[in-house]
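Chemist: here is a sequence with its predicted model. Questions after.
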Amino acid sequence: MMAKLFRAVIMGPPGSGKGTISERIAQRFGLKHLSSGDFLRENIAANTEAGVLAKTYIERGLMVPDHVMTRLLLPRLEEMTCHSWLMDGFPCTLAQAKALNSTCDLDLVISLNIPYETLKDRLSDRWIHPASGRVYNMGFNPPRVQGRDDLSGEPLIQHDDDQPEALVARLRHYKDVAKPVIDLYKSKGILHMFSGTETDRIWPYINSLLSTKIPSRPETDTQHIPLP
Ligand SMILES: Nc1ccn([C@H]2C[C@H](O)[C@@H](COP(=O)(O)OP(=O)(O)OP(=O)(O)O)O2)c(=O)n1
Ligand SMILES: Nc1nc2c(ncn2[C@@H]2O[C@H](COP(=O)(O)OP(=O)(O)O)[C@@H](O)[C@H]2O)c(=O)[nH]1
């Protein structure tokens, strides 16, 4: 276990590479990758009270309200007393950021700044294994067998809201709600912004930044660890 616990958040518009980069960080530095989207999907699948509520919003293409998100996630984060973690997809709004702030002190926030055209191209080509959250891209990281998850062999799916028609609205919404969150983390001096069109070119900068803050660990198999 690491001597000092490390808590980080990764932010960025849909398709900016949060999931992809989180997996690399988890593998290199041994942080747990916590994905709010995966956690929501697990709660929906398990029919928990909050999951049932969240589903009514997600089905309509709406964001889950702040009080539902915080009720779902904060108790889980509080339980993680002896793990370093990287949170992906939360906080989304200023209210969520303030609630998180009252629970724990973040060490670092990564914000990804990726041009619209790049997001559009990536997302129209994004394929997902719903059960695990594993993400593929037909050009960037294709599955070994077309249309099938590498580990389970199960079919991959695409989300309707990854198509260009839905993307403009999702992006506009992201910009509106993320701005005050980014400003908050900037004012705390923990925000690190990375811009570019390729994850492989951004990654070395993130890697060097984190190397100054946490020891890297020997290469191991990557693990996607949802919230407990
Ligand atoms: N703080 C959050 C995080 C997620 N969600 C909702 C929006 C999505 O419809 C759903 C799934 O979350 P994901 O992060 O997995 O969503 P996507 O994969 O669509 O997002 P991205 O494209 O950014 O990866 O949960 C939410 O309302 N509030
Ligand atoms: N072409 C290309 N695709 C990428 C790159 N980085 C990530 N992707 C793919 O783009 C899509 C969105 O990435 P993801 O990590 O899911 O982004 P998130 O929505 O921010 O979590 C996925 O299909 C990834 O495989 C890249 O540098 N180039």
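Modeler: Nice, thanks for sending it over. Ligands and ions are numbered 1, 2, ... in the order given.

Chemist: please identify the helix or strand for residue 207.
Modeler: Assigned by DSSP states H and E, residue 207 belongs to helix 199-211.

Chemist: ok, which stretches of this structure are strands?
Modeler: With DSSP state E, the ranges of strands along the chain come out as 7-11, 32-35, 85-88, 108-113, 126-129, 134-137, 191-195.

Chemist: could you export these as CSV, including distance to residue 185 and mean pLDDT?
Modeler: Just so you know, the C-beta spots here come from the backbone N, C-alpha and C atoms, and that holds for glycine as well. Listed next are the strands of the chain as CSV, based on distance: least, C-beta to C-beta, whole Å; pLDDT from 0 to 100:
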stretch, distance to residue 185, mean pLDDT
strand 7-11, 8, 97
strand 32-35, 17, 94
strand 85-88, 13, 96
strand 108-113, 4, 98
strand 126-129, 27, 92
strand 134-137, 25, 91
strand 191-195, 4, 98
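
Chemist: what sits against residue 78?
Modeler: With contacts defined as C-beta atoms under 8 Å, 6 or more residues apart in numbering, the neighbours of residue 78 are 103, 104.

Chemist: look up how far ligand 2 lies from it.
Modeler: Using C-beta to the nearest ligand atom, to the nearest Å, one gets 24 Å for the distance from residue 78 to ligand 2.

Chemist: over to residue 82?
Modeler: Residue 82 is 26 Å from ligand 2, by C-beta to the nearest ligand atom.

Chemist: check the burial of the residue nearest to residue 65 when sequence neighbours are not counted by counting its neighbours.
Modeler: Excluding its sequence neighbours, the residue lying closest to residue 65 (C-beta to C-beta, 6 or more residues apart in numbering) is residue 57, at 7.0 Å. Counted with other C-beta atoms under 10 Å, the neighbours of residue 57 add up to 15.

Chemist: isn't residue 57 up against residue 64?
Modeler: Yes. Residue 57 is in contact with residue 64 according to C-beta atoms under 8 Å; the separation is 4.9 Å.

Chemist: thinking again about what came up before, pLDDT on the helix holding residue 207, on average?
Modeler: Averaged across helix 199-211, pLDDT comes to 97.

Chemist: picking up where we left off before, would you list the strands of the chain in JSON lines and tack on mean neighbour count and distance to residue 23?
Modeler: Shown next, in JSON lines, are those (neighbours: other C-beta atoms under 10 Å; distance: least, C-beta to C-beta, whole Å):
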{"stretch": "strand 7-11", "mean neighbour count": "23", "distance to residue 23": "11"}
{"stretch": "strand 32-35", "mean neighbour count": "23", "distance to residue 23": "6"}
{"stretch": "strand 85-88", "mean neighbour count": "24", "distance to residue 23": "9"}
{"stretch": "strand 108-113", "mean neighbour count": "20", "distance to residue 23": "13"}
{"stretch": "strand 126-129", "mean neighbour count": "20", "distance to residue 23": "13"}
{"stretch": "strand 134-137", "mean neighbour count": "19", "distance to residue 23": "9"}
{"stretch": "strand 191-195", "mean neighbour count": "16", "distance to residue 23": "16"}
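
Chemist: now render those as TSV, adding distance to residue 51.
Modeler: Shown next, in TSV, are the strands of the chain (distance: least, C-beta to C-beta, whole Å):
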stretch	distance to residue 51
strand 7-11	23
strand 32-35	15
strand 85-88	19
strand 108-113	27
strand 126-129	19
strand 134-137	21
strand 191-195	31
